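Colleague: Coordinates only, no sequence provided:
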């Protein structure tokens, strides 16, 4: 197995990580973002070429010079990170209308799920009213043996006995599953897949697989950027579709 390389943007720097075949992760370089325009590879070295104001090459700096690493693959990982960031920022900052549509979709989905959960809890509460519970509540409570002393009545006196009323108990539902919650999840998956097929507000990292993963990421959120290496690895087995959104909280978000 070969070494896999991933690049992630952290603030104004690009962190390049190497994942070894045994699962060990190593940070091999942290590069300033403004020094990425002049990167080249030569003799398995990652080199930064600086130019002056006239466009003349005036300095070369070797950034990575390790024979166990592949400089070409490292440069490809950095390029993929910058391309993904560019696409997300471009899709996210097109127009204020785009942000409004995304916010409306998220609010609608949250409201639908909340309403479905409320209906589910309400139905479960009423389903717990079983016929046995109703009949037990309607019967008189028996006294303990030391208090159960009956007083003989005069044989000539008969107390009226009230007729026993039949308690009508609603039949329990056939299944305890909530159809509203299942329908909401199905509608959410349908809407996400339809928008992904149309290419509306989405960025496709991979395609051609049987199953699809949807990810909601904010290009300005540091916690979202930490997920980028994992999504790139999952892209080899799943169709990874990214929805750019706005996350509130910054570094406090989870």
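Modeller: Perfect, I can see it now. For clarity, every value in this text was computed on a predicted model and none was experimentally measured.

Colleague: Can you show me the strands along the stretch 51-200 of the chain?
Modeller: With DSSP state E, counting those that start in this stretch, the ranges of strands along the stretch 51-200 of the chain come out as 57-64.

Colleague: Any idea how many residues pack against residue 69?
Modeller: The local packing of residue 69 (other CB atoms under 10 Å) involves 20 other residues. In this view, the C-beta of every residue, glycine as well, is placed from N, C-alpha and C.

Colleague: I figured it hits residue 16, correct?
Modeller: No: counting by CB atoms under 8 Å, residue 69 does not reach residue 16; the two are 9.4 Å apart.

Colleague: list residues touching both of the two?
Modeller: 5, 28 (CB atoms under 8 Å, 6 or more residues apart in numbering).

Colleague: so how far is residue 237 from residue 25?
Modeller: Per CB to CB, to the nearest Å, residue 25 is found 20 Å from residue 237.

Colleague: Helix or strand with the lowest mean pLDDT in this structure?
Modeller: Lowest on mean pLDDT, DSSP states H and E among the helices and strands of the chain sits helix 131-138, with a mean of 49.

Colleague: tell me the contacts of the residue nearest to residue 212 when sequence neighbours are not counted?
Modeller: Leaving aside its sequence neighbours, residue 212 sits nearest to residue 239 (CB to CB, 6 or more residues apart in numbering; 4.0 Å). Residue 239 makes contact with 204, 206-209, 211-213, according to CB under 8 Å, 6+ apart.

Colleague: rerun that using 10 Å as the cut-off
Modeller: By CB atoms under 10 Å, 6 or more residues apart in numbering, residue 239 lies in contact with 193, 196, 204-214.

Colleague: Show me the helices in the stretch 51-200 of the chain, by range?
Modeller: Using DSSP state H, counting those that start in this stretch, the helices found in the stretch 51-200 of the chain span residues 71-92, 96-127, 131-138, 179-198.

Colleague: Tabulate the ones you listed (a markdown table), appending mean neighbour count.
Modeller: Output for those, formatted as a markdown table (neighbours: other CB atoms under 10 Å):
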| stretch | mean neighbour count |
| --- | --- |
| helix 71-92 | 17 |
| helix 96-127 | 13 |
| helix 131-138 | 11 |
| helix 179-198 | 14 |
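
Colleague: worst average pLDDT in those?
Modeller: Note on the helices of the stretch 51-200 of the chain: lowest mean pLDDT is at helix 131-138, with a mean of 49.

Colleague: As JSON lines, the helices of the stretch 51-200 of the chain with distance to residue 65 would be great.
Modeller: Listed next are the helices of the stretch 51-200 of the chain as JSON lines, based on distance: least, CB to CB, whole Å:
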{"stretch": "helix 71-92", "distance to residue 65": "9"}
{"stretch": "helix 96-127", "distance to residue 65": "44"}
{"stretch": "helix 131-138", "distance to residue 65": "77"}
{"stretch": "helix 179-198", "distance to residue 65": "42"}
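
Colleague: nearest to residue 57, of those helices?
Modeller: Closest to residue 57 of those, according to CB to CB: helix 71-92, at 18.3 Å.

Colleague: Quick check: beta-bridge partners of residue 49?
Modeller: Note on residue 49: beta-bridge partners by DSSP bridges are residue 60.
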